[in-house]
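Novice: Just need the structure, nothing else, for what follows:
(2 chains)
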Amino acid sequence: MRISILAPGLALLVAFTAIAGAGSDPSAVALMQAVSARADSGRQQAHLRFTLTPKSGTAQIREATAYRSVEPQARRLAICFEFPAAIRGSSFLAWDAREPDAADDQWLYLPALRRARRIPGRDRGSYFLGTDLTYYDIRSFGRIEVTEYQLGAIRPLPDDKTVVEVEGEPENAALKQELGYGRVRWRVDPDRALIHRSEHWDVQGVLLKTIEYRDLQLLDGIWVARTIAVENHKTGHRTELTFSDMNNRPDFDSARLTPAGLERGG
Amino acid sequence: MRWHATASVLLAAALSFDTHAADSGMHASLSAQGLFGTHAPSTQALRLQGVFEGESALGRSARLRSAVHVESDPTDRLEPDRPRQANRSRANRRWLIDDDGAVELDELFLDTKQAGWDLRLGKQQTVWGTSDGIKVLDIVNPQSFREFIVDDYERSRIPLWALSAVHPLGDRGALELIAIPDLSFHDVPESGALFEITSPSLTPQASLDDVRVLSLIGAHLSDGSPALAALLRQADALTPRQLQSALTHLIVPSIEQRTERPPLRADTLEYGARLRGSLGAVEAAICVLRHFNDVPRAALDFRTDHVDITRSYLQSISFGAQISVPVGPTLVRFEGVYGTRAPIPALDFPDDDLSAVAPSYGAVVGVDLTVRDAGLVSVQLGELGLRTDSRHYAVPARNGFATVLWRDEIEPGRWVGEIFSAVSLQRGDLMLRGRLRWLLRDDLHLQIGLDAFAGDRAGVFGQFDLLDRVGAELIWSI
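Specialist: Just a heads-up that it's a prediction; the model follows:
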């Protein structure tokens, strides 16, 4: 096994995270904490291409520009659709409150209405804009809330020394229902604290979907996945998100991530 | 004078196709639409439409956007002949190619930032209300009623030339100021149009009050009395509308109708402000707008040989408020508006101490719920009305309504459905608007629709009981 450059950090995290996910394997908690604590740009702009492929039939393509920022109160994400023409000009804005008790907020801008409509918050397990990713997947994007899972021991993979496997279950039945997952297995690169792949089982224990993070690249000192591929094993539906023109130091106006900015087109 | 409209359209078209500017873009869509009545099989409209949109970045902090709409409908039933457009300012009129074709500048504005303010200068839409289908606080832009309220939302709101400025206040707050040097008002269907408004809740009608009015007219005219007396004896056998028509033809040699548009001056400029913010999960806004009512007051004036009916617009100040708060899985929202002066839908006549003017109000409570993953169900209960003593006029002072909206992606990215229904709480009449959009290809989609009305023919919705229709529209995006 290679010597991880994160090893000292992991050791410290083990010490500080003994309370996280009581009953979890401390090494696994430390590893997933490292994944969650991985450097983040704070602000990001990218062109986003959604490829939605049903089990039978032709693929649907959607293209958008995504803006993301991490603020003290909330993580903010705006997706402004550009293609196809039927949804051109539509935008979605989500504020994911960082305080556990604070409410999340979402707005939808439809050009025909010329206004950003505040919409009811969705369950984290609801699917996001017709994709196979849930709102929880979108907001976590390769990270997890370690305290929400009971994590098992780290398992090395015999055929791939660069990654290890960690399996976890949401802490309780209510959380399983909320997330829509009964069990998750992550394949993690411990050196880079990066999730390469995750498999998700539903609450009944049936394999639900697989998420793969591909084309991993270092951009401005931050690891990013340029492609996220999801396969829903139940429906046969597949989603591929491809990022291009990624910018970890964008100069977009912060107002773009507000309801007023949505109405003004940023 | 059409030079202004022509120049605007040419300018917008040129900007739409300016592909050399950095960060510019242009889009166009062409559509063919057929609308067919179901009661008495007939064609309501056969429309060919084109929308040309352009956007150009001007430097780092300015952006120009334009949109031109071209339309032709040879059936010419929604707006028979050439619309007079007396309700619109000269700068806002459509360019009428012939009886059934028109070109309209939908948008032409410049966005820029100055001293922390987002400025938008030009022809634009400003939306303050959030209610579905029935506009309560959406008072800035007038609306086209040529298809009552079943037209597409984008087409029904009439853009205005305006300067608006938005200053962000914290994360969720903003102060918005607007000045509108464009005195344009609702497009109300003219007499003979398919969706001519006849409900007494919305427009002056023949009634016993009208008999009184016409008696006064008779008294002012030297030769009308014998015929008037004969007609009044059998008035009970006639419908109000027949009575009005008969009286009009019997005793009034001619009625001259005219619309008085307010002149644009400093004291007639429309302007307003809106402040929005939040407290915890509660989002709220208050607004005030000094403006003209978009519906004119109709007043009689007796002359020696004819009667003038003059329509004029009343200046008013409207105060509004809105609030929304998440409650469990739902979003509960309220909006209300109070206007200081609005016309009562009745003929206002001289020599009387009554004035057909009253304060107006509107309020709506809505509950929104997410269904499935991308669907929305919204239920509303509201009322629009006049704070007046209706004893003097045969006009209902209150129009209560309830609505339901459902919208969902039936198959994500391919099938989208929407149903909106509204019912009048006073008369029980109702309307239903259904749309199903099918994405055939990335650049081609088909929309089929159904519009239905039912109930009391004197009702807001029931008046169109015979205009139920189905339709299909094929839209090609370039």
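
Novice: Just list whatever residues bridge to B:Ala179.
Specialist: For B:Ala179, the beta-bridge partners under DSSP bridges are B:Leu163, B:Tyr271.

Novice: all strands of the stretch 301-450 of chain B, in order?
Specialist: B:307-312, B:315-327, B:330-343, B:347-348, B:357-371, B:375-386, B:398-411, B:415-424, B:430-441, B:444-454 (DSSP state E, counting those that start in this stretch).

Novice: Which one, of those strands, ends up nearest to A:Pro54?
Specialist: Distances from A:Pro54 to each of those were compared using CB to CB; the shortest belongs to strand B:398-411, at 8.1 Å. (Each C-beta comes from the backbone N, C-alpha and C, glycine too.)

Novice: mean pLDDT for the strands of the stretch 301-450 of chain B: which is lowest?
Specialist: Note on the strands of the stretch 301-450 of chain B: strand B:347-348 shows the lowest mean pLDDT, a mean of 60.

Novice: picking up where we left off before, as a markdown table, the strands of the stretch 301-450 of chain B with distance to chain A and mean neighbour count would be great.
Specialist: Below are the strands of the stretch 301-450 of chain B laid out as a markdown table (distance: least, CB to the nearest CB, whole Å; neighbours: other CB atoms under 10 Å in any protein chain shown):
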| stretch | distance to chain A | mean neighbour count |
| --- | --- | --- |
| strand B:307-312 | 29 | 18 |
| strand B:315-327 | 5 | 18 |
| strand B:330-343 | 4 | 20 |
| strand B:347-348 | 35 | 21 |
| strand B:357-371 | 5 | 19 |
| strand B:375-386 | 7 | 19 |
| strand B:398-411 | 6 | 17 |
| strand B:415-424 | 8 | 18 |
| strand B:430-441 | 6 | 18 |
| strand B:444-454 | 5 | 18 |
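
Novice: In TSV: these, plus distance to B:Leu119.
Specialist: Formatted as TSV, the strands of the stretch 301-450 of chain B follow (distance: least, CB to CB, whole Å):
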stretch	distance to B:Leu119
strand B:307-312	33
strand B:315-327	23
strand B:330-343	26
strand B:347-348	41
strand B:357-371	30
strand B:375-386	33
strand B:398-411	33
strand B:415-424	34
strand B:430-441	35
strand B:444-454	35
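
Novice: Quick check: beta-bridge partners of the closest residue to B:Thr388 other than its chain neighbours?
Specialist: Setting aside the residues directly before and after it, B:Thr388 is nearest to B:Ala358 in space (CB to CB, 6 or more residues apart in numbering or on different chains), at 3.6 Å. In this entry, B:Ala358 is beta-bridged to B:Ala342, by DSSP bridges.

Novice: beta partners for B:Ala62?
Specialist: B:Leu58, B:Thr112.

Novice: wait, it sits on B:Gln114?
Specialist: No: with contact taken as CB atoms under 8 Å, B:Ala62 and B:Gln114 are classed as non-touching, separated by 9.9 Å.

Novice: Please identify which of these two sits among more neighbours.
Specialist: When B:Ala62 and B:Gln114 are compared for neighbours, B:Ala62 comes out ahead with 14 against 10, by other CB atoms under 10 Å in any protein chain shown.

Novice: isn't A:Leu207 right next to A:Glu199, touching?
Specialist: Yes: applying CB under 8 Å as the test, A:Leu207 and A:Glu199 come out as touching, 6.7 Å apart.

Novice: Please say which of the two ends up with more neighbours.
Specialist: Legend: neighbour count by other CB under 10 Å for A:Leu207 and A:Glu199, higher for A:Glu199 (19 against 14).

Novice: Low-confidence regions, the stretch 1-150 of chain B specifically.
Specialist: By pLDDT under 70, the weakly predicted segments of the stretch 1-150 of chain B are B:1-23.

Novice: What segments of it are helices?
Specialist: B:3-16 (DSSP state H, counting those that start in this stretch).

Novice: And the strands in it, which stretches?
Specialist: Ranges of strands in the stretch 1-150 of chain B, per DSSP E, counting those that start in this stretch, are B:25-37, B:42-58, B:62-72, B:95-98, B:101-114, B:117-124.

Novice: Kindly reformat the ones you listed as CSV containing distance to A:Glu145.
Specialist: Below are the strands of the stretch 1-150 of chain B laid out as CSV (distance: least, CB to CB, whole Å):
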stretch, distance to A:Glu145
strand B:25-37, 40
strand B:42-58, 40
strand B:62-72, 39
strand B:95-98, 59
strand B:101-114, 38
strand B:117-124, 36
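
Novice: Name the residues of chain A found near chain B, please.
Specialist: Within chain A, the positions near chain B by CB under 8 Å from any CB of the partner chain are A:52, A:60-62, A:71, A:73, A:83-86, A:88, A:102-103, A:105, A:111-115, A:117-123, A:126-131, A:255, A:258-261, A:263-265.

Novice: Going by neighbour count, which of these are buried?
Specialist: If you count burial by 16 or more other CB atoms under 10 Å in any protein chain shown, the buried members of these come out as A:52, A:60, A:62, A:83-86, A:88, A:105, A:111, A:113-115, A:117-123, A:127-131, A:255, A:258-261, A:263-265.

Novice: Now chain A against chain B: closest residue?
Specialist: Checking chain A residue by residue against chain B with CB to the nearest CB singles out A:Gly130 as nearest, at 2.6 Å.

Novice: That residue: helix or strand, and which one exactly?
Specialist: No secondary structure element spans A:Gly130, as it lies outside all helices and strands (assigned by DSSP states H and E).

Novice: which residues touch A:Arg187?
Specialist: Residues counted as contacts of A:Arg187 (CB atoms under 8 Å, 6 or more residues apart in numbering or on different chains) are A:Leu157, A:Val163, A:Val164, A:Glu165, A:Ile195, A:His196, A:Arg197, A:Ser198.

Novice: any idea whether the fourth one is helix, strand or coil?
Specialist: Pointing back at A:Glu165 there. Under DSSP: H, G, I helix; E, B strand; the rest coil, the three-state class of A:Glu165 is strand.

Novice: Can you get me a residue count around the nearest residue to it once chain neighbours are set aside?
Specialist: Of all residues not flanking A:Glu165 in the chain, A:Arg155 sits nearest, at 4.6 Å (CB to CB, 6+ apart). Here the number of neighbours of A:Arg155 (other CB under 10 Å) works out to 13.

Novice: How about A:Lys161?
Specialist: Counted by other CB under 10 Å, the residues lying close to A:Lys161 total 10.

Novice: And the contacts of whichever strand or helix holds it?
Specialist: Take DSSP H and E as the rule and A:Lys161 turns out to sit in strand A:160-170. Residues external to strand A:160-170 that are found in contact with it (CB under 8 Å, 6+ apart): A:1-2, A:21, A:24, A:28, A:31-32, A:144, A:148-152, A:154-157, A:176, A:178-179, A:181-191, A:196.
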